[in-house]
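S.K.: sequence first, predicted coordinates after that:
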Amino acid sequence: MKKIKTVDAVGRVLLHDITKIVPGEFKGRAFKKGHVIKEEDIDVLLSLGKDNIYVWEETEGLVHENDAAIILKDISCGDGLEFGEIKEGKIDFFASYDGVLKIDKDALLELNMIDDIMMATIHNNTPVKKGEKLGGTRVIPLMVEEEKLNEAKKLIEKPFISVEKFKKKKVGIVTTGNEVFYGRIKDAFGPVIKSKFEYYGSEILGQVILPDDKERITAEILKAVNEDKADMIICTGGMSVDPDDVTPTAIKDCGGEVVTYGSPVLPGAMFLLAYLGDTPIMGLPGCVMYSKRTVFDLVLPRILIDEKLTKRDIALYGQGGLCLDCKVCTFPHCSFGK
């Protein structure tokens with residue numbers, strides 16, 4: 001790398017992208033790396049504050065920022081990602097398909113602890129759409145020491161950023177409550193649940209409405225799993241601590257593993273998650289009927305990528321588990337669940 005005066009640079013090749021900034025209007029590339037400088041470029045470069053420019057002179061032990069960005073991308077990124085053009089030394093990551101972004105946060109931290117290297121992403125476990133921007137990486141200097149990239153290669157043993165694709169599931173809904181069963185009120189859970197699963201491309205096998213009868217609820221859950229071959233069961237109603245709300249006990253009586261009854265999420269404290277073999281059973285609290293976003297919106301995307309959640313996974317939602325019920329909802333790009 002060699003620095004020369006811009007006025008003497010006609011015919012020389014730019015070593016890096018040159019950025020132009022117009023406050024409030026534009027920030028982007030004015031000249032691309034590899035551009036051969038022409039006479040008419042001189043005044044433009046000077047107006048951008050470039051009294052001097054850098055041209056290529058190979059230096060042993062140094063790596064150009066563009067080549068370094070490719071190395072960082074290659075060691076960090078796994079399945080489900082595609083990449084933009086390198087601009088100004090930075091390469092961005094995008095989702096190749098709909099799914100959940102998975103990041104090893106410890107690996108990301110360790111990479112960012114290396115001097116002159118940076119990588120930024122959106123939050124782990126965020127549901128994402130195809131084409132959505134997920135992160136980016138670059139080195140800080142124009143030329144970075146090769147030794148630092150070698151350190152990164154040794155540290156990062158396998159890619160730690162990926163997108164897990166949503167699976168299409170067959171879902172059974174068991175709605176309970178004497179007030180609904182006997183027609184005293186209209187069920188409000190069904191339309192909400194169906195719309196959320198339709199958004200993710202899953203199929204509702206059917207919805208059964210039952211009274212507050214523990215044995216009948218248990219029997220219907222087992223029928224949905226064993227006979228109807230449902231991939232997932234959603235139970236609505238009867239999830240409070242009232243003595244006549246028997247749905248949690250009915251789910252436990254199915255004989256599976258109860259991961260948690262209760263979550264550190266608002267709305268959604270009375271959430272229940274269980275597994276009957278590999279089949280998830282979720283008991284949804286009443287807030288799912290009327291709140292825009294609840295614990296269900298945090299857990300469902302991860303269930304739909306076949307992630308088997310633990311008590312710790314649910315407990316980790318405590319920090320960020322408060323939905324602020326914003327007038328304009330921007331979920332999942334907000335603090336909820338982060």
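M.R.: Yep, it's here.

S.K.: which residues of the chain score low on pLDDT?
M.R.: For the chain, residues meeting the criterion pLDDT under 70 lie at 1, 56-58, 243-244.

S.K.: show me it divided up by domain.
M.R.: The record's domain split for the chain, according to automatic domain parsing, is 2-55, 62-164, 170-318.

S.K.: right, and the ones you listed - which one's nearest Cys334?
M.R.: Ranking those by proximity to Cys334 (Cβ to Cβ) places domain 170-318 first, at 8.6 Å. C-betas here are computed from N, CA, C, even on glycine.

S.K.: give me phi/psi at the residue positioned nearest the centre of the chain?
M.R.: Nearest residue to the geometric centre of the chain (Cα atoms, centre = their mean): Thr126, 2.2 Å. Per-residue torsions, Thr126: phi -80, psi 130 (degrees, to the nearest 10).

S.K.: ok, it - contacts?
M.R.: Contacts for Thr126 (Cβ atoms under 8 Å, 6 or more residues apart in numbering) come out as 100-101, 332-333.

S.K.: can we see that at 7 Å?
M.R.: Each residue near Thr126 by Cβ atoms under 7 Å, 6 or more residues apart in numbering is listed here: 101, 332.

S.K.: for the chain, which segments count as helices?
M.R.: Secondary structure of the chain by DSSP state H: the helices cover 41-47, 65-76, 105-112, 146-155, 178-181, 189-199, 214-226, 247-252, 287-290, 295-303, 311-315.

S.K.: return the set of buried residues in the fifth one.
M.R.: To tie it back to what came earlier, the one meant is helix 178-181. By neighbour count on 16 or more other Cβ atoms under 10 Å, the buried set for helix 178-181 is 180-181.

S.K.: repeat for stretch 8-23
M.R.: Using 16+ other Cβ under 10 Å as the test for burial, stretch 8-23 gives 9, 12, 14-18.

S.K.: which of the residues you listed fall in strands?
M.R.: Among the buried residues of stretch 8-23, the members found in strands (DSSP state E) are Ile18.

S.K.: for the buried residues of stretch 8-23, which one is nearest Gly28?
M.R.: Checking the buried residues of stretch 8-23 against Gly28 by Cβ to Cβ gives Asp17 as the nearest, at 9.3 Å.

S.K.: for the closest one, give its distance to Ala30.
M.R.: To Ala30, Asp17 is 8 Å away according to Cβ to Cβ, to the nearest Å.

S.K.: kindly report the same for Val128.
M.R.: 32 Å.

S.K.: more neighbours: which of those two?
M.R.: Using other Cβ atoms under 10 Å as the criterion, Val128 and Ala30 rank with Val128 on top: 22 against 17.

S.K.: show me the contacts for the spatially closest residue to the more buried one that is not a sequence neighbour.
M.R.: In space, and not counting its chain neighbours, Val128 is closest to Ala95: 4.5 Å by Cβ to Cβ, 6 or more residues apart in numbering. The contact partners of Ala95, taken as Cβ under 7 Å, 6+ apart, are 80, 128-132, 134, 163.

S.K.: hang on, isn't Ala315 packed against Pro264?
M.R.: Yes. With contact defined as Cβ atoms under 7 Å, Ala315 reaches Pro264; the gap is 6.3 Å.

S.K.: looking only at neighbour counts, state which of these two leads.
M.R.: Shown here are Ala315 and Pro264; by other Cβ under 10 Å, Pro264 has more neighbours (18 against 14).
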